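Undergrad: quick one: sequence plus predicted model below, questions after.
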Amino acid sequence: MFVENILRSAMLSSNHIMRGAGTVIHDNADKILLGVGISCIVGGTVSAVVSSKNIANVIENHKKAVEQANYIEDEKERGKAKISVYKDTAIDMLMTFGPCVLLTGTGIACIIGSHHILTQRIASCQAAYAMLDTSFREYRERVKEAVGAEKENDIFNNTSEVEVEVKDEKGKTKKTKQKVKAGPKSPYSYLFDEANSNWQKQGTANRDYLLQRQWWCNDQLNRWGEISLAEVLMNVDAYDYRSDVPALYFDIIWKKGDYVDFGLEDNKDFMDGVEKSTWLHFNPSGFRKKVRQMKEPYKKEEVVA
């Protein structure tokens, strides 16, 4: 009984290990095939270089064997001897270059297999994204029918109404409701809407403006070697003055070799010109230094007359 328990535990452990190893191999099959393929091609190249040193001996032995066969007086025997010589030479050539051909062919097959796996995975991701995008659009349409297009747009853009007090020309105070942004979806996001001085009523004009600003930011990144989130935000006129930008944003940067992306492709309706406003989801790549824990923006300098 004790021995049976030990054997049962060993079998369960081995099955668990094999399943775990199989899962790891399945998840990383493309990387494994790519690594094996590159290794085989490199090995085949090295084998070809080493085997090329022996090709001279094979050719020399072939010439000697053919000369010896030519001395045979009987024509039939001479023909049989030459056939035997060519057969032996072919076998020698195969034994000499066979390993490099086999390794190179295996490497090419592994790389093609890795590409096939990646192609299937990309196709699956595209299908899943298309299904998710369609479901989300249908969901937005149902929400619009339930609460109205304006309310749905406020929910989507994360805006809300607040009650504020304003003074009219006569100095009287009255309460009114005003829509405000409840905050970006992430620290690296900005809502481009009518609050921006360059916003226009034509969706295609806003799209072209942001694409042009994105190109300019990448051009400056290539020129300067780095660009900060503050400079990108000022470039799209998110702030009126440099002193209004939070100090934190000057430390968040893109480094040379990266690409400044506004995330415009995430909103297909905006890219098609249907929507006039969109969230800009930036993709900074690092920090200039240790980020300063400053909540207040830089104060404007007073001009001394």
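TA: Alright, I've got the coordinates. Numbers count the residues shown, from 1 in each chain.

Undergrad: alpha carbons only for contacts and neighbour counts from here, please
TA: OK.

Undergrad: what helix or strand is residue 154 located in?
TA: helix 149-156 (DSSP states H and E).

Undergrad: tell me, what residue is most central in this structure?
TA: residue 122 (11.3 Å; C-alpha atoms, centre = their mean).

Undergrad: quick one, helices of the stretch 101-250 of the chain?
TA: Assigned by DSSP state H, counting those that start in this stretch, the stretch 101-250 of the chain shows helices spanning 149-156, 203-224, 229-235.

Undergrad: would you turn these into TSV with mean neighbour count and distance to residue 52?
TA: Shown next, in TSV, are the helices of the stretch 101-250 of the chain (neighbours: other C-alpha atoms under 10 Å; distance: least, C-alpha to C-alpha, whole Å):
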stretch	mean neighbour count	distance to residue 52
helix 149-156	14	68
helix 203-224	17	47
helix 229-235	19	58
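
Undergrad: quick one, which of the ones you listed is nearest to residue 103?
TA: With C-alpha to C-alpha as the criterion, residue 103 lies closest to helix 203-224 of these, at 42.5 Å.

Undergrad: elements contacting that closest one?
TA: Packing contacts for helix 203-224, counted by 3 or more C-alpha pairs under 8 Å, 6 or more residues apart in numbering; DSSP states H and E, involve strand 226-228, helix 229-235, helix 268-271.

Undergrad: which stretch among these comes nearest residue 117?
TA: helix 268-271 (28.3 Å).

Undergrad: for the closest one, name the packing helices and strands.
TA: So helix 268-271, by 3+ C-alpha pairs under 8 Å, 6+ apart, packs with helix 203-224.

Undergrad: can you put the helices and strands packed on helix 203-224 in a markdown table and add mean pLDDT and distance to residue 152?
TA: As requested, those are arranged in a markdown table below (pLDDT from 0 to 100; distance: least, C-alpha to C-alpha, whole Å):
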| stretch | mean pLDDT | distance to residue 152 |
| --- | --- | --- |
| strand 226-228 | 90 | 33 |
| helix 229-235 | 91 | 27 |
| helix 268-271 | 85 | 15 |
